[in-house]
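Asker: just to be clear, the model below is a prediction. Sequence and coordinates:
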Amino acid sequence: TNFESLADLLLGAAAEKTHKREAALNAEQGEYLEQIVSMGLERLLKEPYQLEQQSSHYRKQLEDLAFQNYKTFIQTSDCLTNTHQDIIDATDILMDMEKQFPEFIEGCNQFCTEAIAIEKQRSIDRTLLDLHSQIREILEIPQWMETTVRNGFYEESLQIQSFAQKLL
């Protein structure tokens with residue numbers, strides 16, 4: 001489904017970023033390993049202490065950063081939580097919509113069927129309206145025939161009869 005495609009796309013992008021980070025870490029580790037191999041014994045013995053000092057320094061910087069920007073961290077966390085909930089809500093709505101598609105399609109098909117039937121009837125009605133005066137004249141033939149015979153217009157009666165036979 002579309003949801004799986006979206007998830008694959010998002011996870012694919014995340015996997016690509018993770019792969020790039022791992023490649024960068026491997027490059028840094030390689031550089032550090034080369035640096036250690038090229039160090040002398042005295043400097044190599046001081047390395048754990050220097051690493052501990054760097055770690056302590058970075059930890060202090062991280063604590064200072066967190067303390068100075070704690071409101072931003074909280075807002076970011078709230079924003080992330082809200083965004084996550086919005087995505088869940090949107091997914092639920094889309095799934096509900098997807099469940100309703102068969103009903104919607106069935107309703108559209110029924111509407112089309114009814115529209116076609118109405119159009120056919122409308123076409124018949126339009127044709128009937130266009131031929132209304134001719135149909136009326138044909139239906140009046142028996143009355144004309146009776147009137148012409150009653151009034152003694154036999155020649156006109158024969159013409160009406162000939163006309164009626166041509167129509168059949």
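Answerer: That came through fine. Numbers count the residues shown, from 1 in each chain.

Asker: so where's the protein uncertain?
Answerer: Across the chain, the ranges flagged by pLDDT under 70 are 1-25, 168.

Asker: mind listing the strands for it?
Answerer: Assigned by DSSP state E, the chain shows no strands.

Asker: what segments of it are helices?
Answerer: Secondary structure of the chain (DSSP state H): helices at 2-38, 41-68, 70-130, 132-139, 141-150, 154-167.

Asker: which residues sit against the shortest one?
Answerer: When you say that, I think you mean helix 132-139. 128, 167 (CB atoms under 8 Å, 6 or more residues apart in numbering). C-beta: built from backbone N, CA, C; applies to glycine.

Asker: apply 7 Å and report the result again.
Answerer: Contact with helix 132-139 is made by residue 167, as judged by CB atoms under 7 Å, 6 or more residues apart in numbering.

Asker: please apply the same query to the fifth one.
Answerer: Helix 141-150 has contacts (CB under 7 Å, 6+ apart) with 156-157, 160-161, 164.

Asker: can I get these in CSV with distance to residue 149?
Answerer: CSV is the format used below for the contacts of helix 141-150 (distance: CB to CB, whole Å):
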residue, distance to residue 149
156, 9
157, 5
160, 9
161, 10
164, 14
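
Asker: from these, keep the buried residues only.
Answerer: For these, a burial check counting by 16 or more other CB atoms under 10 Å picks out 157, 160.

Asker: looking at the contacts of helix 141-150, which is nearest residue 51?
Answerer: residue 164 (117.5 Å; CB to CB).

Asker: find the nearest non-adjacent residue to the closest one, please.
Answerer: Residue nearest to residue 164 in three dimensions, not counting chain neighbours: residue 141, with 5.3 Å by CB to CB, 6 or more residues apart in numbering.

Asker: likewise for residue 128?
Answerer: Nearest one to residue 128, counting by CB to CB, 6+ apart, is residue 135 at 7.5 Å.
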